[in-house]
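Enquirer: Quick one, structure for this:
(4 chains)
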Number of protein chains: 2
Amino acid sequence: MSETFKAFRCGVQLSTQELSYSIFRQDPEAVQVKKEAVAVRNLTRIVDATLRLANSKGFQAMSLRDLSAQTGLSMGALYAYIRSKEDLVSLIQQHGRLLVGGILRDRLAQVRDPTQRLRVAIRTHLFLSEMMQPWFYFVYMEAKNLPERERRQAVEAELSTEHLFHDIITAGQRDGGFRDIDADLLAACLKAVLQDWYLKRAKYHRRQVSVDAYAAFAEDIVLSYLAPSASRTRPENRTVADQS
Amino acid sequence: MSETFKAFRCGVQLSTQELSYSIFRQDPEAVQVKKEAVAVRNLTRIVDATLRLANSKGFQAMSLRDLSAQTGLSMGALYAYIRSKEDLVSLIQQHGRLLVGGILRDRLAQVRDPTQRLRVAIRTHLFLSEMMQPWFYFVYMEAKNLPERERRQAVEAELSTEHLFHDIITAGQRDGGFRDIDADLLAACLKAVLQDWYLKRAKYHRRQVSVDAYAAFAEDIVLSYLAPSASRTRPENRTVADQS
DNA sequence: GTCTATATAGGGATAGAC
DNA sequence: GTCTATCCCTATATAGAC
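Expert: Below you'll find the predicted structure:
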């Protein structure tokens, strides 16, 4: 049986606090405040407020005075944590990608069978975006507004997860019994479906669709499309029970 | 055989010029310039430049000075065509929706069979977004930055096309032989796949995927998922030839 | 109808006290 | 480490000439 979101969440260190800690550790010359406890606490506030404000009105439209009000820090204090407004976007994107990418790689390293790899890739991607929805939404929406260098990194990161899907599919076509379908297009569409989960999260929440249900659906549509004509994949039994 | 994009394009009046004409006709108190030829020509320039600039750096980040430079109109002249920067977004969204929505409705009114309706809905949606890609991209990306009232209209419009897909699917489940699949989820995923076409257009262009090929793929994956287990839908024969 | 010149506000960023 | 006060620039929007 596949892992549920509840189980997944317990085994993973991923939050805006982790992100802030990563910024504090790796960019010491960007963060002037040296006391770890204070720095991480306030950085976390800054990151959370930035995601909240930018996701509701856009990053450009969010002023540092808005940010100052939301975090409880003064304008001057903000600049003890960031070098500039632009710097803030870069840090959030960069370190978030570091965390998320690492977890996805770790999870997949343990699986060999193409069908299982596809299932794990789908679920992990969805679960990560569920835990960090504001970050995923932010990166997607603000990517085009970044300076050239950062923008290219964002596009590359996105393509690399698409290539991951693509490689799993072609591997399955070689030796997993998958049908001979355009792997490029299928990977792209799968990516689009997974992205919809965090882009339209409010809609799915309103309809009471759980991330586990969405994952099961995504797996089913892709795997049954890839399965040889005669046999359709049966969706796995899933317990709705909540014990993790 | 399904209609190709080339054929579709010939039978449809849809462009930023049509959009500008719609603005000129319906918002006479917004546009101070009264000579139709001049007004529509300059409005078209303004709309085109706005879409270009906003889609590359974001609407907020685009200044009216940028717009002035791109259109060749002075700051003062711009204000003979729009009441404010915010007004500009509203007009573009509103009138675009009017045009696009009308065409989609017209096309579907002629078809009864659920399978054919689904095909036509998919193709029409893709073809419209192909003809007006900058507009679709703009509306998607800037929706969340709109004032409350406009934002709700944008969300409603999006949900209404999703409901359209939903209704076709459930109709097909009643009397078209479609499998009993969660119609809500499938409609949502189909929408996501169609949106990916205009959101990631550069990627598909680079890979030389034509809109006709993408349409065929989208139809195939959805219809084969809905088809009863035994029989898979065969993709229709498609000519690659260019005669329209 | 279109231009130049200007009013006015709000933004990012910094200086220097505490 | 954090605050207040301030600098300076750019943005939207308008006035008034042509």
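Enquirer: Enumerate the residues of chain A near DNA strand C.
Expert: In this structure, chain A approaches DNA strand C at residues A:62-66, A:75-76, A:79, A:83-86, judged by Cβ under 7 Å from any atom of the strand. In short, each C-beta sits where N, CA and C put it, glycine included.
Enquirer: hmm, try it at 6 Å
Expert: Chain A comes close to DNA strand C at residues A:63-65, A:75-76, A:79, A:84-85, as judged by Cβ under 6 Å from any atom of the strand.
Enquirer: and the residues you listed as TSV, adding pLDDT?
Expert: Converted to TSV, these look like this (pLDDT from 0 to 100):
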residue	pLDDT
A:Ser63	98
A:Leu64	98
A:Arg65	98
A:Met75	98
A:Gly76	98
A:Tyr79	98
A:Ser84	97
A:Lys85	98
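Enquirer: From those, keep the buried residues only.
Expert: The neighbour-count test (16 or more other Cβ atoms under 10 Å in any protein chain shown) marks A:Lys85 as buried among the residues of chain A next to DNA strand C.
Enquirer: so where's chain A uncertain?
Expert: Scanning chain A for pLDDT under 70 picks out A:230-244.
Enquirer: Mind doing that once more with 50?
Expert: Scanning chain A for pLDDT under 50 picks out A:233-244.
Enquirer: report the longest helix in it, please.
Expert: helix A:148-175 (DSSP state H).
Enquirer: what element comes up after it heading to the C-terminus?
Expert: Proceeding N to C from helix A:148-175, the next assigned helix or strand is helix A:183-199, under DSSP states H and E.
Enquirer: so what does that following helix touch, helix or strand wise?
Expert: Under the contact definition 3 or more Cβ pairs under 8 Å, 6 or more residues apart in numbering or on different chains; DSSP states H and E, helix A:183-199 sits against helix A:114-131, helix A:133-142, helix A:148-175, helix A:211-226, helix B:183-199, helix B:211-226.
Enquirer: name the helices or strands packed onto the third one?
Expert: So that's helix A:148-175. Using 3+ Cβ pairs under 8 Å, 6+ apart: helix A:148-175 touches helix A:85-109, helix A:114-131, helix A:183-199.
Enquirer: SS state for the residue in chain A positioned nearest to DNA strand D?
Expert: Nearest residue of chain A to DNA strand D: A:Gly76, at 2.4 Å (Cβ to the nearest atom of the strand). Three-state assignment for A:Gly76 (DSSP: H, G, I helix; E, B strand; the rest coil): helix.
Enquirer: contacting residues around A:Gln32?
Expert: Under the criterion of Cβ atoms under 8 Å, 6 or more residues apart in numbering or on different chains, the neighbours of A:Gln32 are A:80-81.
Enquirer: thinking again about what came up before, so which of the residues of chain A next to DNA strand C comes closest to chain B?
Expert: Using Cβ to the nearest Cβ, A:Ser63 comes nearest to chain B of the residues of chain A next to DNA strand C, at 10.9 Å.
Enquirer: Check the gap between the spatially most central residue of chain A and chain B for me.
Expert: Central residue of chain A (Cα atoms, centre = their mean): A:Ser129, 3.8 Å from the mean position. Distance, A:Ser129 to chain B, using Cβ to the nearest Cβ, to the nearest Å: 13 Å.
Enquirer: Surely that residue and A:Lys200 touch.
Expert: No - counting by Cβ atoms under 8 Å, A:Ser129 stays clear of A:Lys200, with 11.6 Å between them.
Enquirer: B:Asn55: which of the helices and strands packed on helix A:183-199 is closest?
Expert: For B:Asn55, the closest of the helices and strands packed on helix A:183-199 is helix B:183-199, at 10.7 Å, according to Cβ to Cβ.
Enquirer: Next, see if the helix or strand just after that closest one gets close to chain A.
Expert: Where DSSP H and E defines the elements, the next helix or strand beyond helix B:183-199 is helix B:201-206. Yes - using Cβ under 8 Å from any Cβ of the partner chain, helix B:201-206 reaches chain A at B:203-204.
Enquirer: Contact partners for the closest residue to A:Val209 other than its chain neighbours?
Expert: Spatially, and ignoring its direct neighbours in sequence, A:Val209 is nearest to B:Leu185 (6.9 Å; Cβ to Cβ, 6 or more residues apart in numbering or on different chains). Taking Cβ under 8 Å, 6+ apart, we find B:Leu185 in contact with A:209, A:213-214, A:217.
Enquirer: for A:Leu186, same thing?
Expert: A:Leu186 is in contact with A:165, A:169, A:222, A:225-226, B:221, counting by Cβ under 8 Å, 6+ apart.
Enquirer: Get me the contact residues on chain A for DNA strand D.
Expert: Contact residues, chain A versus DNA strand D (Cβ under 6 Å from any atom of the strand): A:33-35, A:38, A:42, A:73-77, A:80.
Enquirer: Which residues are in contact with the residue of chain A closest to DNA strand D?
Expert: If you count contacts by Cβ under 8 Å, 6+ apart, A:Gly76 has none.
Enquirer: Same check on A:Asp180?
Expert: A:Asp180 makes contacts with A:Gln173, as judged by Cβ under 8 Å, 6+ apart.
Enquirer: Please report the distance of it from A:Leu223.
Expert: Separation of A:Asp180 from A:Leu223 (Cβ to Cβ, to the nearest Å) stands at 15 Å.
Enquirer: close to chain B, is the helix or strand encompassing A:Val38?
Expert: Using DSSP H and E, A:Val38 falls within helix A:36-57. Yes - interface with chain B: helix A:36-57 contributes A:55-57 (Cβ under 8 Å from any Cβ).
Enquirer: The next helix or strand after that helix near chain B anywhere?
Expert: Later in the chain than helix A:36-57, the nearest helix or strand by DSSP H and E is helix A:64-71. No - Helix A:64-71 lies out of reach of chain B by Cβ under 8 Å from any Cβ, never closer than 13.1 Å.
Enquirer: This completes my enquiry, with thanks.
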